[in-house]
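K.L.:
output the structure for:
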Amino acid sequence: MSYKVMIVDDAAMMRLYISSFLKSLPEFNMVAQAANGQEALDKLLDYPDLDLILLDIEMPVMDGLEFLRHAKLKTRAKICMLSSVTVQGSPHAAKARELGADGVVAKPSGTVSHDLEEKTGDELRDTMRRLVAA
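P.N.:
Modelled structure (predicted):
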């Protein structure tokens, strides 16, 4: 089984780190990327069979929380917040869950976390697998 993933993050380097991480997980296939929530919403029309969206919060044009408000009406894909501001118990994490985020994982070292795989890789992988299995 191959699960289709969209990465939504305004930092091009972070999108690169996440897509590199996904390449180590053969069951996940990155099929789309977006630099903000509006661009991601527009792409939902082109990818109606997405399984998972990895979503940052702090982005220009439309942030991740606003995207969540709209996306839950337009896609069946599971949405996992992946942001430097979604630390366990934070107001941003709570708001994301309230708006329908299926999972919340914090970036380990800020907006562009080059150490994503080594510091948060296990948690992110386990969360992604749990979400698509649900």
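K.L.:
spatially central residue for this structure, please.
P.N.:
Central residue of the chain (CA atoms, centre = their mean): residue 54, 1.2 Å from the mean position.
K.L.:
surely it touches residue 7?
P.N.:
Yes: with contact defined as CB atoms under 8 Å, residue 54 and residue 7 form a contacting pair (5.1 Å). Placement of C-beta: from N, CA and C, glycine included.
K.L.:
about what we covered before: the residue nearest to the centre of the chain is in what secondary structure piece?
P.N.:
strand 52-55 (DSSP states H and E).
K.L.:
kindly report the same for residue 105.
P.N.:
Going by DSSP H and E, residue 105 is part of strand 103-106.
K.L.:
what do you get for residue 82?
P.N.:
Counting by DSSP H and E, residue 82 is part of strand 78-83.
K.L.:
quick one: strands adjacent to that strand?
P.N.:
Note on strand 78-83: by DSSP bridges, its sheet partners are strand 52-55 (parallel), strand 103-106 (parallel).
K.L.:
re the thing from before, overlap in contacts, residue 54 and residue 7.
P.N.:
residue 18 (CB atoms under 8 Å, 6 or more residues apart in numbering).
K.L.:
least trustworthy helix or strand in this protein by mean pLDDT?
P.N.:
Within the chain, no helix or strand scores below helix 91-98, which has a mean of 89 by mean pLDDT, DSSP states H and E.
K.L.:
name the helices or strands packed onto it?
P.N.:
helix 64-71, strand 78-83, strand 103-106 (3 or more CB pairs under 8 Å, 6 or more residues apart in numbering; DSSP states H and E).
K.L.:
neighbouring contacts of the second one?
P.N.:
The one in question is strand 78-83. Contacts of strand 78-83 (CB under 8 Å, 6+ apart): 9, 18, 51-58, 64, 68, 71-72, 92-93, 96, 100-107, 124, 127-128, 131-132, 134.
K.L.:
ok, stretch 109-121 next?
P.N.:
11, 13-14, 17-18, 20-21, 24, 58, 84, 105-108, 124.
K.L.:
returning to that earlier point: pull the CA atoms of the strand holding residue 105 into PDB?
P.N.:
What follows is strand 103-106, C-alpha atoms only, in PDB (Å, rounded to 0.1, in the frame of the first residue of the first chain):
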ATOM      1  CA  GLY A 103      -2.100  14.500  14.800                       C
ATOM      2  CA  VAL A 104       0.300  17.000  16.200                       C
ATOM      3  CA  VAL A 105       4.100  16.700  16.000                       C
ATOM      4  CA  ALA A 106       6.500  19.500  17.000                       C
END
